[in-house]
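Peer 1: Sequence first, predicted model second:
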2 protein chains.
Amino acid sequence: MILELADIQIQPGREAEFDAAIQRGVTQIIAQARGFLGWQVHKGVENPQRYVLQIRWASLEDHMQGFRQSPDFARWRDVVGPFFARPPQVEHFELLGESAN
Amino acid sequence: MILELADIQIQPGREAEFDAAIQRGVTQIIAQARGFLGWQVHKGVENPQRYVLQIRWASLEDHMQGFRQSPDFARWRDVVGPFFARPPQVEHFELLGESAN
C-alpha cells in the first residue's frame, strides 16, 4: 500500500463548488482506477483554500503509470483543475506507524 | 474531530533514528494528552527525509491550548526537534469526505 498526498490550493471564494467537485471527481473517476484502495479529503482550518487529498493505492505504479497515463487522468483534471490557484504538490508515502484505532 | 498535519523535513542520514524517535515521542508523550484520538506517521517515497505526522484531536483547543501550552510539548520537541532540518509546517484540517473502507 502506498499513500498519495496531494496538497491543493484553490482560488478564494470557490470553496463550496470545489467541495462538491473534488468528491465527485474522486468517486466517479479515480475510484474506478485499478489499484485504487480508498480516499479522504481534508479541508484547511487556518487556510480554507487548502485541501489535502489522500488516496491509498495498491502500488506506486497503479497511480503513476496506471492512472496518470490513462485518459481518466485528463477527465479528473477537467473536473478539479479549473479551481486550482497553482499546480498541486503531489508526493507518495509509506506508512511508518499508526495507532490501533 | 480535527486533524493536525505536521510536515516534517529531517536531516539526511538520520532516517532510521528518526523513525524510532517520532514513534516513541507520539506514543509516550502526545498520546497521553487530553483530546488525543489517534495518529499515523507517513514517510516520503520521493523525499525520504520528509515525514507527515497526522494526529486526530477532539478539538483544535485540545492541541493548541491543551497540548502546546503544556510542559509535554517541550518534552516532545526534545525527542524529535534535534532531527529537524527546519521548523515543521503544522496546520489543521476538517474531514470533508472519505470512502467507506
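Peer 2: Okay, I see it. Numbers count the residues shown, from 1 in each chain, chains lettered A, B, ... in the order given.
Peer 1: and stretch A:75-87, average pLDDT?
Peer 2: Averaged across stretch A:75-87, pLDDT comes to 98.
Peer 1: avg pLDDT for stretch A:16-26?
Peer 2: 98.
Peer 1: quick one: that stretch near chain B?
Peer 2: Yes. Stretch A:16-26 lies within reach of chain B by Cβ under 8 Å from any Cβ of the partner chain, at A:D19, A:I22, A:Q23, A:V26. Yep, even glycine has a C-beta here, placed from its N, CA and C like the rest.
Peer 1: Could I have the buried ones of those residues as ChimeraX selection syntax?
Peer 2: One line in ChimeraX is enough to select the buried members of the residues of stretch A:16-26 next to chain B, burial here meaning 16 or more other Cβ atoms under 10 Å in any protein chain shown:
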select /A:19,22,26
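Peer 1: Which ones among the residues of stretch A:16-26 next to chain B map onto helices?
Peer 2: Residues of the residues of stretch A:16-26 next to chain B located in helices (DSSP state H): A:D19, A:I22, A:Q23, A:V26.
Peer 1: Take those and lay them out in JSON lines including distance to A:L95.
Peer 2: Listed next are those as JSON lines, based on distance: Cβ to Cβ, whole Å:
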{"residue": "A:D19", "distance to A:L95": "27"}
{"residue": "A:I22", "distance to A:L95": "23"}
{"residue": "A:Q23", "distance to A:L95": "24"}
{"residue": "A:V26", "distance to A:L95": "20"}
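Peer 1: just those residues now: which is nearest chain B?
Peer 2: Set against chain B, the nearest of those by Cβ to the nearest Cβ is A:Q23 (4.8 Å).
Peer 1: can you pull the contacts of that closest one?
Peer 2: A:V41, B:L96, B:G97 (Cβ atoms under 8 Å, 6 or more residues apart in numbering or on different chains).
Peer 1: Give me the residue at the spatial middle of chain A.
Peer 2: Nearest to the centroid of the C-alpha atoms of chain A, with distances taken as Cα atoms, centre = their mean, sits A:L53, at 3.9 Å.
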